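>>> With the sequence up front, the predicted model follows.
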Amino acid sequence: MKSSIMQGARILATGSAVPNLCINNHQISQIVNTSNEWIVTRTGIKERRILNGINKSVVDLASTASLNALKKIAMDPLEIDLIILATSSPNDLFGSASQLQAKIGANNAVAFDLTAACSGFVLSIVTATQFLQTGCYKNILIVGADVLSKWVDWSDRSTCILFGDGAGAAIVQRCSQQDNGILGFQLNTDGKQFDQLSIAYEEDIASKEKLNIFKGRFNNIIMNGKEIYKFAVSKVPISILKCLNSLQIDTKDVNWLLLHQANERILNAVANRLSVDSNKLISNLSKYGNTSAASIPLALDEALTNNQIKKGDIIVIAGFGAGLTWGTVVIKWKC
């Protein structure tokens, strides 16, 4: 019988992983009509990591990030009860979380994929917290990992300059309410605008004897950059303020603002609308580009490694992207 008393949840450790292959803007300019100056001015991106090699997949990055997180707290993978893999680029259309479970030896864990594109890690934190607060599980591994380079049209200047590959992981553990670190959340979806950023399925009709069998394939990434920019800078600040107001936290009390790493202009615009100093922005966009579900945990792990985040700091985390989906989680760092 599970206790009806709500428990707390906190992040114990983080880990990350990126591919070895680094492609800078000068190299991109060799395949499309662009330049380093043009890309940096409009996006803030200088380089990105790309997964290459035979049989390499999102599972390789996700497993490395997960093992790095486990190693930091000397946790045995067998102690993990649940694995949530946030990805839009699975190694298998049926999902890759089970492959991740097997690869890291977390044989006691239930595992499933969560698809919410660039908002995936935010939704993973929220989902994991629900399982922990109700006492169902004790230790949950959440991973944001994407290899969108596999879905990029490298002749399309509007998208090929943006995306990179990577993975970030976090171990979230049940705790007492006194030690609770996941303070609150706010989530949204607008499915009417799904086609502003998508990897669409295209159907062909193949005739097999007397049957008309529909079969197709997934296309490359298609994005309406102007609309995504307007969506992000208008909706994300509202989500953040709703979440902070529900927790009675003022923006001036926020120590760090960690947004999905999509575009430097978006990051600065959101911070300005919230009247949050740009010095409080956590960003590694220039080195990795837009890594979709991986961007937030990748930046979080780097900030912790660099000792930017201190115990007791209030961190506002916001994701936004395809769906269209967006959402906020407010965290108090407890470790």
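Cool, got the structure. Numbering: from 1, shown residues only.
>>> and the next element down the chain from the helix or strand hosting residue 128?
Using DSSP states H and E, the element containing residue 128 is helix 120-133. Using DSSP H and E, the helix or strand that follows helix 120-133 towards the C-terminus is strand 139-147.
>>> Each with direction, which strands does that following strand pair with?
Strand 139-147 pairs in its sheet with strand 82-86 (parallel), strand 165-175 (antiparallel), by DSSP bridges.
>>> Is it possible to get these out as TSV so that each row also shows mean neighbour count and distance to residue 241?
Every residue, glycine included, has its C-beta placed from N, CA and C. Converted to TSV, these look like this (neighbours: other CB atoms under 10 Å; distance: least, CB to CB, whole Å):
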stretch	mean neighbour count	distance to residue 241
strand 82-86	28	25
strand 165-175	28	25
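>>> Which one of those strands lies nearest to residue 192?
The closest of those to residue 192 is strand 82-86. By CB to CB, the value is 23.1 Å.
>>> what's the longest helix in the protein?
When the chain is parsed with DSSP state H, its longest helix is helix 225-246.
>>> Contact partners for the closest residue to residue 121 other than its chain neighbours?
Spatial nearest neighbour of residue 121, excluding adjacent residues (CB to CB, 6 or more residues apart in numbering): residue 144 at 3.7 Å. Residue 144 is in contact with 86-87, 120-121, 124, 167-169, 292-298, counting by CB atoms under 8 Å, 6 or more residues apart in numbering.
>>> same thing with residue 269?
Residues near residue 269 by CB under 8 Å, 6+ apart: 232, 233.
>>> Recalculate using a threshold of 6 Å.
Listed by CB atoms under 6 Å, 6 or more residues apart in numbering, the contact partners of residue 269 are residue 233.
>>> between the helix or strand harbouring it and helix 225-246, what angle do the directions make?
Using DSSP H and E, the element containing residue 269 is helix 264-273. Inter-element angle recorded for helix 264-273 and helix 225-246: 30 degrees (by axes from the mean of the first three to the mean of the last three CA atoms, to 10 degrees).
>>> distance between helix 264-273 and the chain's centre?
Computed by CA atoms, centre = their mean, to the nearest Å, the chain-centroid distance of helix 264-273 equals 18 Å.
>>> Looking at that helix now, give me its mean pLDDT.
The average of the pLDDT scores along helix 264-273 is 96.
>>> could you point out which element follows that helix?
Beyond helix 264-273 on the C-terminal side, the first helix or strand identified by DSSP H and E is helix 285-288.
>>> Name the next helix or strand downstream of that next one, please.
Downstream of helix 285-288, the first helix or strand assigned by DSSP H and E is helix 295-305.
>>> list the helices and strands that next one packs on?
With contacts taken as 3 or more CB pairs under 6 Å, 6 or more residues apart in numbering; DSSP states H and E, helix 295-305 sits against strand 8-17, strand 165-175.
>>> The first one vs strand 139-147, what angle?
Looking back up the chat, that one is strand 8-17. 40 degrees.
>>> Show me the contact partners of strand 8-17.
Residues from elsewhere that reach strand 8-17 (CB under 6 Å, 6+ apart): 61, 64-65, 68-69, 72-73, 129, 132, 167-173, 175-177, 179-182, 298, 300-301, 304, 334.
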